[in-house]
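Chemist: predicted structure and sequence below. I'll ask about it afterward.
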Amino acid sequence: MDKQDSLDLFAEQGKFMKGKHLVTIFHNEQNLYTVLRIRVEETNEQYDDKEAVITGYFPKVHEQETYTFFGEVKEHPKFGAQFHATHFRKDLPQSKQGIISYLSSDLFKGIGKKTAEKIVETLGEKAIAKIIDNPSVLDQIPKLAPEKAKDLYDSLMEHQGLEQVMVALNEYGFGPQLSMKIYQVYKEQAIEVIQNNPYKLVEDIEGIGFGRADELGSQLGLTGNHPDRIKAACLYTLENSSIQGGHVYMEAESLLVDVKKLLEDNQNFEIEFTEISQEIIKLGEEGKLISEEQKIYLPSLYYSEKGLVAKVKKILDQTEYENQFPESEFLLALGNLEERLNVQYAPSQKDAIQTALMSPMMILTGGPGTGKTTVIKGIVELYGELHGCSLDPRDYKKEEPYPFLLAAPTGRAAKRMTESTGLPAVTIHRLLRWNGAEGFEYNEDQPLEGKILIIDETSMVDIWLAYQLFKSLPDNIQVIMVGDEDQLPSVGPGQVLKDLLDSGRIPTVRLTDIYRQAEGSSIIELAHQIKKGLLPADISVQKSDRSFIQCTTNQIPQVVEKVVASAKKKGYSPKNIQVLAPMYRGPAGIDRLNELLQTLFNPNADGTRKELAFGDIKYRIGDKVLQLVNQPEANVFNGDMGEVIAIFYAKENVEKQDQLIVSFDGIEVTYNRPELSQITHAYCCSVHKSQGSEFPIVVLPVVKSYYRMLRRNLIYTAITRSKQFLILIGEEDALKMGIERGQDKERNTTLVEKLVEMLPEWSGNRIDSKILPDVNRKNYMGIVKNADPMIGMGNLTPYDFMEENEA
DNA sequence: CACCCCTA
C-alpha cells in the first residue's frame, strides 16, 4: 500500500468537497482556524455554487493547490452555507503532466521543468509517493545534485507533512480530530516526540490523559519508575484536580498519595514516595509546577492568583473617585434619575450605586430578585449623568473611546445585560478578543480602553479568566463585579467571587431584600436556610408557595407527570412550568422526564403528526426546546429556550434538507439536520443550564440516585429559579444530604490569604437593608425587566397541582 | 456527573 492509497483511510465515509484554493479569507496563526474559498471541482454534497467557503483548523493552505476537504455543510447565520471540514488532504497531481508542473512550480526551489520531467520519466506516475517513502530514489535521477535532492525532499515533506503525520498517528490509534491537535503542536516532529516521550502528550495535548500516554509508554518500553512516567503522572494528577475538582493547588501529601495510586493502578509496579517527590522537585526546577509551603500549584494557576491580587491592588490604589463630586450633587442626580425612570431605589440600592461611583472597585452581591440588575442600570445612568457623557456608543469617535465596558462570562448573561441597560454588553471572551488556543488580543501589553467596567454573573468567572481580564484593564478604571456567591461555582478552577468577598478587602454592598417575590415568600426563607446548610423542620409542611411530595426514585416520573398535568389543567403552559433535574441519565433523569413531558404537553397519540427524529428525540411543532451553543449573530445563546414553529422535510424545500424552525421570543432560527445537535428538549432541563433563568413554577425532583450531583449550591440554584411556586418531589433524606454537603468539598485556593496579605482591610459602612423605610414596593419593581405580572394566580397553592396525587 | 468561552 503506498502513501497515496493509505491516505484514503480518511476518505472512507462522510461528505467531501474537492477544489482549488482561491483565497484565504481568515487564518489564525495561533490555533490555525482558517476560512478559505475554493473553486468546487467535485463533491458529494448537494451544492450547486461554483465556489464554496471552507472552515476548519488547517496549517498553511497553499494558493492554487487542489485539496479535498472532509466534513459537512453548515448554515452560518451571517455568512450563509459553508463547509466545516474536520480534516483535509492535499491532492497529489495524478497525471504525468500534473506532476511535472507541480514539481517545477515555485514551491520547489531549484527544480525546473527539465529536472521535473526527468524525475517523472525515471520514477513514473507515483514519483511523489516514492520519494516520500524513500528519498534515496532520487539518487537514480541523473545530474540531480544531492543538495537539490535534499531540498526537494524537505519541501515535499513540508507540503505533505500533515498527511504523513496523520497516517502515522492513525497507526498509533489516534483519530483525525486528535491527530490534527497533535499536529498543530508538534508539526512534522510529532512522531519523533511521541517515540521519545509519549508522556509529553499529557502536558501538551488537551484530551490525552495519563492512561492513553501510559499505553503508548509501555509499548515503547518506558515502564515502572521511569522518570518521564512519574513526572507525567504528577502533572496529570495536578491538572485533574484543578479541572475536575476546581482546586487551585494540591497539598503535597495528597498529591504524593494520588500519584502513587495512579502509577500503581495503571501498571503493576511499586513506586516509592521518595521517587515521586524527587520528580516533583525536578518539575519545580523546570518551572512546570510551583510549590509553596507544601502546596503544589500548576504555574498558570499560581500566577493567576498572584497577578490578580497585584492588579486588584493597583486598581484599589486609585484615590480620585472618592471626592470627585460632592454628595449633594450625587443625591440630586439620583433624585432626577428616580423621577425620570419612575422608580424609587431602596436605601441599600442607593448605597450600592453611590459606592460604585465613588470607589475604584466594588462587589455587588445578593440572591435572585434582590435588584442587582436595577442597580446596574442605575450605575450606568448616573455615571453618564454625573460625568456628562452619552450612553450611546454612536456618539463616540475613535480618539474618544466608549467609557462603558459591560461584560459577563456567558453569552446569555451578556444578552440580559444588554436588554436591561440598553448598553452594549458582550462575553468577557469577546471583550478581550479571544482567538482560541491561549490567544487574547487584549492583555497587559495592549490594555482595554474604558472608564468603568461592570461584570455580571461573576460567580461563573474562574481564576484564569479573572486574571486575564484584570491584567488587560487600564490602571485608571472603575470596576464593579456583580454576582451571587451561593450559586454554582465556576466551571474552571477557583472561586473568585467568593474569595474576593471573603477577603474583606473589596468594597462590598450586599442586597438582601427580595423585590420579585410576594411578601413572606417561604421559597426565599427556604433559600436562606439552605445557604446556612439547614433543612427547615417544616420542609414537608404545605406552604402557600411551596410543597414537598415524598416518593422514591422510581415513582418520580409518575409523580412529576401528575403534578405537571394538574398545572396544565389549571392553564399553565410548558413555558411557565419548568422541571429541573441535576442529571440526564437514569429513571429520574432529564431524558426520561423530557420524553414523558413531551407526551403530556405535545403528544402524537395517533401517529399522524409531523415529526423530525434526531437521535432519540422526536421533534414536533410546539415542542419546547433549549439552545445548547451560542449563536451571537442570531442573538440566540446557550441556555435560551424557544418553541418549534415549523418542520420541513428534505423533499419539501429548495435546500433539500430536513429543517426545524425554532422561535426564541420572536427570533426565528433554522436548524438543518446536522445542526440539530445544537438543541434539545427543554420541558425538563439541567439545573446548570437553568442558571440565569427564572420560571413561575419550578418542579424539582430530589432523590438519592442523584447522589453525585447533590450539593448545597446546586439545590440553592434550583429552588431560587422559581418565582411563584416550588414543588419538591422525592426523598427528604436526599434533600437533607445535598443541603449539608458543600462545606466539606471546598475548593483549595489561596486567593483570600494573598488578598489579606497584600491589601488593607476595607472598612466601609454597610447599610443594614433590613431597616427599610415604608415605600411602595411596586415602585422598586418599576425597572426590573421581566418582572412579568403574576399570571392570574388567584388563591392557588402548590397543593392545587397535586390534589389527584393524595391517594 | 455537569458546566463556560469561539476567531471572517
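Modeler: That came through, no problem. In this text the structure is predicted, and so the values were computed from the model without any measurement.
Chemist: quick check: closest non-adjacent residue to A:I99.
Modeler: A:P93 (4.6 Å; CB to CB, 6 or more residues apart in numbering). All C-beta spots, glycine's among them, are computed from the backbone N, C-alpha and C.
Chemist: just the pLDDT for A:N779.
Modeler: On pLDDT, A:N779 comes in at 36.
Chemist: which parts of the stretch 701-807 of chain A sit against DNA strand B?
Modeler: A:R708, A:M709 (CB under 7 Å from any atom of the strand).
Chemist: all helices of the stretch 701-807 of chain A, in order?
Modeler: A:712-719, A:732-740, A:751-758, A:777-781 (DSSP state H, counting those that start in this stretch).
Chemist: mean pLDDT lowest for which of the ones you listed?
Modeler: Among those, helix A:777-781 scores lowest, at a mean of 36.
Chemist: by mean pLDDT, which helix or strand of chain A comes out lowest?
Modeler: Ranking every helix and strand in chain A by mean pLDDT, DSSP states H and E puts helix A:777-781 at the bottom, with a mean of 36.
Chemist: before we move on, back to that, most neighbours per residue, which of the helices of the stretch 701-807 of chain A?
Modeler: Among the helices of the stretch 701-807 of chain A, helix A:712-719 has the highest mean neighbour count (mean count of other CB atoms under 10 Å), at a mean of 23.
Chemist: can you list contacts of it?
Modeler: Contact with helix A:712-719 is made by A:486-489, A:523, A:526-527, A:530-531, A:533, A:580, A:582, A:687, A:690-691, A:698, A:700, A:702, A:726, A:728, A:735, A:738-743, as judged by CB atoms under 8 Å, 6 or more residues apart in numbering.
Chemist: again with stretch A:684-693
Modeler: Contact with stretch A:684-693 is made by A:410, A:412-413, A:416, A:457, A:460, A:487-488, A:578-584, A:590, A:593-594, A:597, A:626, A:638-639, A:641, A:709, A:714, A:717-718, A:721, as judged by CB under 8 Å, 6+ apart.
Chemist: then stretch A:577-588?
Modeler: By CB under 8 Å, 6+ apart, stretch A:577-588 touches A:553-554, A:556-557, A:560, A:564, A:567-568, A:589-593, A:597, A:683-687, A:690, A:693, A:695-701, A:703, A:705-706, A:708-710, A:714, A:718, A:721, A:730.
Chemist: now, of these, which are buried?
Modeler: A:553, A:556-557, A:560, A:564, A:567-568, A:589-593, A:597, A:683-687, A:690, A:693, A:695-701, A:703, A:705-706, A:709-710, A:714, A:718, A:721, A:730 (16 or more other CB atoms under 10 Å).
Chemist: where does the stretch 101-250 of chain A dip in pLDDT?
Modeler: A:159-163, A:175-177 (pLDDT under 70).
Chemist: give me the residue from chain A nearest DNA strand B.
Modeler: Closest residue of chain A to DNA strand B, CB to the nearest atom of the strand: A:H688 (2.7 Å).
Chemist: now that residue, what's its secondary structure?
Modeler: Of the three states, A:H688 takes helix according to DSSP: H, G, I helix; E, B strand; the rest coil.
Chemist: neighbours around it, how many?
Modeler: When counting by other CB atoms under 10 Å, one arrives at 16 neighbours for A:H688.
Chemist: may I see the buried residues of whichever strand in chain A runs longest?
Modeler: Longest strand of chain A, by residue count under DSSP state E: strand A:15-27. Within strand A:15-27, the residues scored as buried using 16+ other CB under 10 Å are A:K15, A:F16, A:M17, A:K18, A:G19, A:H21.
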